[in-house]
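1. Coordinates only, no sequence provided:
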């Protein structure tokens, strides 16, 4: 029994209207499986009839038009009257509805996906449905969405309570609207999010570097990195994590690195002098993510060890004058042991620091002998294998 | 078998076949319908009417569903089709996306 185009479409359109009403929350009797099968069957029949009564093309076009019509007549008007935080909420709801609508319709029109669409290399039903939303809704409102998300993120950074579920739903739109591509998320959202992050932490770093001691600053950095990592897991896409952390590290550690390490009363030399093991370990952990900056730290370590030797020289000269024993090799050995402990403990046996230590000891020992005058009577207890090492 | 795990397929003549949901979902069409979100499944007690499929064909289809599940789990037997049913069976299979 053949179905004419308009005859069949009337049946289908009636069903689609019922679905739309259900989505709008209007009172409608439940959609039964008989209703579903009627629509599916109508589509199936209209697509399997012999030409010129094969209406696949018309059904494909009207599927899309149906969705566009719904968006234009119901979705866009409702969005246009929402402002401030009500807009993202409504958008999230409309997107969820849209996905349901596309699912229903693509099941009803499913027969097109099996034959007509692959044969003509057309876009599948689901993708057509998503693209309608993208073209008509997303493009109109994504900037507003972005503004509200970035604002919420900054509020949360300042310690305010925010609606994280809403935030996640909005970010998910940026991901899902790409139908498998991350382009929209990256260009329309992530780029701006990273810029905003840089601006935020640049401001904070400028304040903290003036006000805080080195250990306190480091604690804040550690906390910021932990908190941003947490943020990604809660409502951003995982691919943002390395980019986000890199920006934060750069603003907090790279930019002010030297100023931080050389802080007069709390910088690296002070921490090492005062045996502040926890702070040194934290410093290493944080700077080890930035290879160039880590070199700064190992250089300062080298400097610190080297600076111990003039003191040794002085003690050796004093001992000679007072005719007391000065066990040079033992003293240097003690020095080496002392600082080796830092290499093992705080600096995780990192080669930069191990090499810094060894070079410093070698150079220091050599300098030690150069500085000791030959005419001072010194008691040297054991042989020094210095020449072999040089 | 619990009622929630079954569906009822009804032929053109009103004959009712009660089979497991798992078997019925060998048909992509039935699977789509049963997994559509929203107001479908709760309202019905898993009943689907096929006014265009005769009892004989529908019965054969149900047999096919069960045979298909068995074949997938390793029991590789033959599925006999009476020649006079072939055309109708193929049309129904196309319709049901099986």
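-> Now that the structure is in, tell me what you want to look at. These numbers come from a predicted model, not from an experiment.

2. Can the lengthiest helix in chain B be said to contact chain A?
-> Ranked by residue count under DSSP state H, the longest helix found in chain B is helix B:55-72. No - counting by C-beta under 8 Å from any C-beta of the partner chain, chain A has no neighbours in helix B:55-72; the shortest distance is 13.2 Å. All C-beta atoms are positioned from the backbone trio N, CA, C, and that covers glycine.

3. other SSEs contacting the helix or strand following that helix?
-> Next in sequence after helix B:55-72, counting helices and strands by DSSP states H and E, comes helix B:86-96. Helix B:86-96 sits against helix A:33-48, helix B:28-34, helix B:55-72, with contacts defined as 3 or more C-beta pairs under 8 Å, 6 or more residues apart in numbering or on different chains; DSSP states H and E.

4. So for the longest helix of chain B, what gets flagged as buried?
-> B:56-58, B:60-65, B:67 (16 or more other C-beta atoms under 10 Å in any protein chain shown).

5. Stretch A:308-316 too?
-> A:308-309, A:312-313, A:316.

6. Quick one: neighbours of the residue in the stretch 151-300 of chain A positioned nearest to chain B, just the number.
-> Closest residue of the stretch 151-300 of chain A to chain B, C-beta to the nearest C-beta: residue A:176 (15.7 Å). Residue A:176 is flanked by 16 other residues according to other C-beta atoms under 10 Å in any protein chain shown.

7. Let me know the pLDDT of it.
-> Note for residue A:176: predicted pLDDT of 95.

8. roughly how far apart are it and residue A:207?
-> 38 Å (C-beta to C-beta, to the nearest Å).

9. In contact with the residue nearest in space to the middle of chain B, which residues?
-> Chain B has residue B:24 as the residue nearest its centroid, 4.4 Å off, counting by C-alpha atoms, centre = their mean. Residues near residue B:24 by C-beta atoms under 8 Å, 6 or more residues apart in numbering or on different chains: B:7, B:9, B:30-31, B:34, B:65.

10. sorry, back to before: for the buried residues of stretch A:308-316, which one is nearest chain B?
-> Nearest member of the buried residues of stretch A:308-316 to chain B, counting by C-beta to the nearest C-beta, is residue A:308, at 72.8 Å.

11. how near is that closest one to residue A:90?
-> Residue A:308 is 68 Å from residue A:90, by C-beta to C-beta.

12. residues in contact with residue A:92?
-> Contacts of residue A:92 (C-beta under 8 Å, 6+ apart): A:166, A:169-170, A:173.

13. okay if I get the residues you listed as a markdown table plus pLDDT and distance to chain B?
-> Output for the contacts of residue A:92, formatted as a markdown table (pLDDT from 0 to 100; distance: C-beta to the nearest C-beta, whole Å):
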| residue | pLDDT | distance to chain B |
| --- | --- | --- |
| A:166 | 93 | 21 |
| A:169 | 95 | 17 |
| A:170 | 95 | 21 |
| A:173 | 96 | 18 |
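
14. So which of the residues you listed are in helices?
-> Filtering those for helices - DSSP H - leaves A:166, A:169-170, A:173.

15. Just among the residues you listed, which is most surrounded?
-> Highest count within the ones in helices among the contacts of residue A:92 by other C-beta under 10 Å belongs to residue A:173, 26 neighbours.

16. just checking, that one touches residue A:91?
-> Yes - between residue A:173 and residue A:91 there is a contact at 7.0 Å, judged by C-beta atoms under 8 Å.

17. joint contacts of the two?
-> residue A:145.

18. re earlier: compare the helices and strands packed on helix B:86-96 and report which one is nearest to residue A:81.
-> helix A:33-48 (32.3 Å; C-beta to C-beta).

19. Can you give the contact residues for that closest one?
-> So helix A:33-48 is contacted by A:3, A:5, A:8, A:11-12, A:15, A:18, A:53-56, A:59, A:107-112, A:115-116, B:29, B:33, B:36, B:40, B:44, B:46-50, B:52, B:94-95 (C-beta under 8 Å, 6+ apart).

20. give me the residue from the stretch 1-150 of chain A nearest chain B.
-> residue A:30 (3.8 Å).

21. and that residue, that's in a strand?
-> No - per DSSP: H, G, I helix; E, B strand; the rest coil, residue A:30 lies outside any strand segment and is coil.

22. Domains in chain A, by residue range?
-> A:1-134, A:273-374 (automatic domain parsing).

23. and the strand or helix carrying residue A:7, what does it pack onto?
-> Residue A:7 belongs to helix A:5-24 when elements are defined using DSSP H and E. For helix A:5-24, the packing partners by 3+ C-beta pairs under 8 Å, 6+ apart come out as helix A:33-48, helix A:56-70, helix A:86-108.

24. weakest of the ones you listed by average pLDDT?
-> helix A:33-48 (a mean of 88).

25. near chain B, which residues of the stretch 251-390 of chain A show up?
-> Counting by C-beta under 8 Å from any C-beta, the stretch 251-390 of chain A has no residue next to chain B.

26. hang on, the earlier thing: identify all contacting residues around the longest helix of chain B.
-> In contact with helix B:55-72 (C-beta under 8 Å, 6+ apart) are residues B:9, B:11-13, B:15, B:17, B:19, B:22-24, B:26-27, B:50, B:53, B:77, B:79, B:81, B:85, B:88-89, B:92-93, B:96, B:98.

27. how about 7 Å then?
-> Contact with helix B:55-72 is made by B:9, B:11, B:13, B:15, B:17, B:19, B:22-24, B:26, B:50, B:79, B:85, B:88-89, B:92, B:96, as judged by C-beta atoms under 7 Å, 6 or more residues apart in numbering or on different chains.

28. among those residues, which ones are buried?
-> By 16+ other C-beta under 10 Å, these give B:9, B:11, B:17, B:19, B:23-24, B:26, B:50, B:89, B:92, B:96 as buried.

29. among the residues you listed, which are in helices?
-> Going by DSSP H, the helices hold B:23-24, B:89, B:92, B:96 from the buried ones among the contacts of helix B:55-72.
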